[in-house]
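Enquirer: this one's sequence-less:
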């Protein structure tokens, strides 16, 4: 199970799923928050609009009631009758009562919502008009509403909504009551009050329209903080009185105790309309949005899981096949070829793996062939092996015998040959100094100059600062040997010359071997330089060309090129320049490494 947790398929699946889920969660939260803000703004705006409309309705309603009351108290007959003292004549009294009843009846019939109109004089006379017979409360002068109206200076007193009539003891319907004092127009003395009781249905309906939810509460409150009317059964009046009151008729929206409160003041009366809605009513739509987001989110998570599974498998499946093929390679099966069509990077990886497997298989075949060849070479070497010490000792013995007989020239040749054999027989060291190479070259040239009997002049001029530069062993000898064999020995019309010198710049040392021999024709020179540029040739065409180079005397140069590049890198090596019948120049380029420590020659004893 732990291996599954660490697999690339599992991790890709988890990464993709977490990424998509995180994005989905963030988008959902941002959307929900934005929706919540917009919804609250929308509800606040709608509440303000509703309150403003309700306030406007109340304003029109109260203005209508005010005009109605003014039409009553402004009637000349009513003012005259109430201003005159009470007379003892029953006929006059009956006539006055009849006139007042007609005046009140006209006002009563002008509006359908009026329940009763009452005129109460300071002399205790009461005039009523209503749908039924009235039974006036005999103690009305002791009530608060009466005292409020009496205390007024002439303005309307809006008393509020009551469960039943505040003056008629037989009227059980709820009423909206208001009144104002009546003054004698001649001496501006208060002579009574008028009291109106109307149906509160319009007010209650307007308050019901302010409800934003099933649990919303709407209140009409007086300037003293008293509840005049409400749609609620119970309420906390001190809490309502503590709320901020609006001014200048501008609606106020606030949130308090998890409730949305919208209030506005009536311009025509010192009243305040309050709408209180709990958040649970406001959040009904948000709860629906939340449930919708949860359902959509769950569906999208399932889709994300499916996509993550498919996506992780499209990456892991080719890799699993690649791992399976690698295990086949581990047990030695190099003949398989993996064919995968996937993402570009995986296709490149698979192609590289196939190429690597093919190369390994080819290398194994080469190693097998090379191993067989090496064993054959070892057998041939054993068959032809001659003890080198026996050869050195024999050559030394010949040298001393010649020296005793005075054959100095011949003895010098034998000694040079002995030293050449010693130098070429030991390959324990990876590199030698340029000094050692020049010494062995001089031994070789001693033999060549003697053999050519004066037809060759040699000039070796290499500065002391460069003599300790390290070189692969037998660097100069193959080049000089080719120069003598193919360039200088064929000369018949002039004396040959061989020059060895060195040039250097900041980073490189160029060892130049120059002769004035027969030179190389352009085609052969091209083949030689091509073989030097690609010394690792191993396909059939290149092997055939390699054989041609062998016949042209370049096989030693190719081997030297390989050894120099192996030691220093691809930018170094041997370059040939030649002009037919004028001579050949070989340039050996090596880096100016720190001087190697001087040591003894790689000679055996």
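Expert: That came through, no problem. Values in this document were obtained by computation on a predicted structure and should not be read as measured data. Residues are numbered from 1 along each chain as shown.

Enquirer: where does the stretch 451-600 of the chain have low pLDDT?
Expert: The model of the stretch 451-600 of the chain has pLDDT under 70 over residues 536-555, 593-600.

Enquirer: What segments of it are strands?
Expert: All strands of the stretch 451-600 of the chain, identified by DSSP state E, counting those that start in this stretch, fall at 456-461, 470-471, 496-504, 508-515, 573-579, 583-591.

Enquirer: Kindly reformat these as TSV containing mean neighbour count.
Expert: Any C-beta I mention is one placed from the backbone N, CA and C, and that applies to glycine too. Shown next, in TSV, are the strands of the stretch 451-600 of the chain (neighbours: other C-beta atoms under 10 Å):
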stretch	mean neighbour count
strand 456-461	14
strand 470-471	22
strand 496-504	18
strand 508-515	20
strand 573-579	18
strand 583-591	20
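
Enquirer: Out of those, which gets nearest to residue 138?
Expert: Among the strands of the stretch 451-600 of the chain, the nearest to residue 138 by C-beta to C-beta is strand 583-591 (133.7 Å).

Enquirer: which SS class is residue 17?
Expert: Following DSSP: H, G, I helix; E, B strand; the rest coil, the label given to residue 17 is helix.

Enquirer: any idea how far it is from residue 25?
Expert: 12 Å (C-beta to C-beta, to the nearest Å).

Enquirer: okay, those two: which has more neighbours?
Expert: A side-by-side neighbour count of residue 17 and residue 25, using other C-beta atoms under 10 Å, places residue 17 first with 18 against 12.

Enquirer: Hmm, residue 303 and the more buried one touching each other?
Expert: No - at 10.8 Å, residue 17 and residue 303 do not qualify as touching, with contact defined as C-beta atoms under 8 Å.

Enquirer: how about the strands of the stretch 451-600 of the chain in JSON lines, adding distance to residue 179?
Expert: Putting the strands of the stretch 451-600 of the chain into JSON lines (distance: least, C-beta to C-beta, whole Å) gives the following:
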{"stretch": "strand 456-461", "distance to residue 179": "140"}
{"stretch": "strand 470-471", "distance to residue 179": "128"}
{"stretch": "strand 496-504", "distance to residue 179": "127"}
{"stretch": "strand 508-515", "distance to residue 179": "122"}
{"stretch": "strand 573-579", "distance to residue 179": "125"}
{"stretch": "strand 583-591", "distance to residue 179": "121"}
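
Enquirer: So which of those is nearest residue 560?
Expert: Across the strands of the stretch 451-600 of the chain, closest to residue 560 is strand 573-579 (C-beta to C-beta), at 6.0 Å.

Enquirer: so how many other residues sit close to the residue nearest to residue 432 when sequence neighbours are not counted?
Expert: For residue 432, ignoring the flanking residues on the chain, the nearest one in space by C-beta to C-beta, 6 or more residues apart in numbering is residue 473 at 5.1 Å. Counted with other C-beta under 10 Å, the neighbours of residue 473 add up to 19.

Enquirer: Could you tell me how far residue 436 is located from residue 568?
Expert: 18 Å.

Enquirer: More neighbours: which of those two?
Expert: Per other C-beta under 10 Å, whichever of residue 436 and residue 568 has more neighbours is residue 436, with 24 against 18.

Enquirer: any idea which helix or strand carries that one?
Expert: Using DSSP states H and E, residue 436 falls within helix 434-452.

Enquirer: circling back to that earlier point, closest one to residue 254 among the strands of the stretch 451-600 of the chain?
Expert: When the strands of the stretch 451-600 of the chain are compared by C-beta to C-beta, strand 583-591 sits nearest residue 254, at 87.4 Å.

Enquirer: Which strands border the closest one, and is each parallel or antiparallel?
Expert: Using DSSP bridges, the strands paired with strand 583-591 in its sheet are strand 508-515 (antiparallel), strand 573-579 (antiparallel).

Enquirer: So what touches the helix holding residue 436?
Expert: With contacts defined as C-beta atoms under 8 Å, 6 or more residues apart in numbering, helix 434-452 is touched by 409, 412-413, 416-417, 419-420, 423, 456, 458, 460, 462, 466-471, 473-477, 480-481, 484, 488-489, 496, 498, 500, 502, 511, 598, 601-602.

Enquirer: can we see that at 7 Å?
Expert: Here helix 434-452 makes contact (C-beta atoms under 7 Å, 6 or more residues apart in numbering) with 409, 412-413, 416-417, 419-420, 423, 456, 458, 460, 462, 466-469, 471, 475-477, 480, 484, 601.

Enquirer: Name the residues of that helix that come out as buried.
Expert: Judged by neighbour count (16 or more other C-beta atoms under 10 Å), helix 434-452 contains these buried residues: 434-438, 440-441, 443-446, 448-449.

Enquirer: circling back: would you tell me which of the strands of the stretch 451-600 of the chain gets closest to residue 292?
Expert: Judging those by C-beta to C-beta, what sits closest to residue 292 is strand 583-591, at 76.1 Å.

Enquirer: where in the stretch 251-400 of the chain is pLDDT low?
Expert: 281-286, 334-336, 343, 373-397, 399-400.

Enquirer: mind listing the helices for the stretch 101-250 of the chain?
Expert: Using DSSP state H, counting those that start in this stretch, the helices of the stretch 101-250 of the chain run over 144-151, 201-209, 237-241.

Enquirer: Show me the one of those helices that comes nearest residue 522.
Expert: Across the helices of the stretch 101-250 of the chain, closest to residue 522 is helix 201-209 (C-beta to C-beta), at 111.1 Å.

Enquirer: And the closest one, how far out from the chain middle?
Expert: Chain-centre distance of helix 201-209: 57 Å, with C-alpha atoms, centre = their mean, to the nearest Å.

Enquirer: same question for that helix, mean pLDDT?
Expert: Averaging pLDDT along helix 201-209 gives 82.

Enquirer: Pull out the buried positions in it.
Expert: 203, 204, 206, 207.

Enquirer: between the strands of the stretch 451-600 of the chain, which one is nearest to residue 240?
Expert: Comparing the strands of the stretch 451-600 of the chain by C-beta to C-beta, strand 583-591 comes nearest, at 99.1 Å.
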